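Participant: below: sequence and its predicted model.
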Amino acid sequence: MADSSTNPNNDQKTRLYHPYQDLNVPIQKLYNLPTSPEHLFPEEAARTHRSWGDNLQFYTGSAYLAGAIIGGSRGTVEGLKAAEIGESLKVRLSRVLNSGGQGGRRLGNSLGVLGLIFAGLESGMIHLRGRDDLVNSAVAGLGTGALYRAAAGPRSAAIAGAIGGIAAAAAVAGKQALKRHVPI
């Protein structure tokens, strides 16, 4: 029995919950449960986006994890292909593990650094502009690509910056479209 009603004592929406409804017992206990998210501190309810520390941990950690999984998988496949005829199982296994670990570390570290730079630039843009929107992510992506490839020269940095800006803007636009069209 989960219907929405308004609680007369409070302006929050509530829903009635009957924990014994499926047991066919004569107990009629109904509880008012809130439908809005509950926060421990009022400051949490006022936040509209992640803090810069949350942003930093999220982007760096998820980028490192994705890079480690992709690089480890690719390295494992390369290790399997590099096996030679007549090698013992121990040598083959060692080759696969070493190759997978090396590939995972390399790509994980590279993507982790990209996530770190992106998080810092995006948090800086949110702080400077005072709002969180598509422009912040696009500029952060552009800056991330340009900074990451700056040592290779200005042309390479410009190309990487353009790719980063387009990728970040596409990711944010895709996320917003998904939120709008997919019911959760």
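Facilitator: All right, it came through fine. Numbers count the residues shown, from 1 in each chain.

Participant: apart from its chain neighbours, what residue comes closest to N136?
Facilitator: Distances taken as C-beta to C-beta, 6 or more residues apart in numbering place M125 nearest to N136, at 4.0 Å, with adjacent residues excluded. No exception for glycine: its C-beta is placed from N, CA and C like everyone else's.

Participant: domain parsing for the chain?
Facilitator: 4-38, 51-129, 133-184 (automatic domain parsing).

Participant: any chance of those in a markdown table, plus mean pLDDT?
Facilitator: Shown next, in a markdown table, are these (pLDDT from 0 to 100):
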| stretch | mean pLDDT |
| --- | --- |
| domain 4-38 | 65 |
| domain 51-129 | 92 |
| domain 133-184 | 89 |
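
Participant: closest one to A45 among those domains?
Facilitator: When the domains of the chain are compared by C-beta to C-beta, domain 4-38 sits nearest A45, at 7.8 Å.

Participant: could I have the CA atoms of stretch 171-183 written out in PDB?
Facilitator: Below are the C-alpha coordinates for stretch 171-183, written out as PDB (Å, rounded to 0.1, in the frame of the first residue of the first chain):
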ATOM      1  CA  ALA A 171      29.600  13.300 -22.300                       C
ATOM      2  CA  VAL A 172      27.700  16.000 -20.400                       C
ATOM      3  CA  ALA A 173      25.100  16.400 -23.100                       C
ATOM      4  CA  GLY A 174      24.600  12.600 -23.300                       C
ATOM      5  CA  LYS A 175      24.200  12.400 -19.500                       C
ATOM      6  CA  GLN A 176      21.600  15.200 -19.600                       C
ATOM      7  CA  ALA A 177      19.700  13.500 -22.500                       C
ATOM      8  CA  LEU A 178      19.800  10.200 -20.600                       C
ATOM      9  CA  LYS A 179      18.400  11.800 -17.500                       C
ATOM     10  CA  ARG A 180      15.600  13.400 -19.500                       C
ATOM     11  CA  HIS A 181      14.600  10.400 -21.500                       C
ATOM     12  CA  VAL A 182      15.300   7.400 -19.300                       C
ATOM     13  CA  PRO A 183      13.000   7.000 -16.300                       C
END
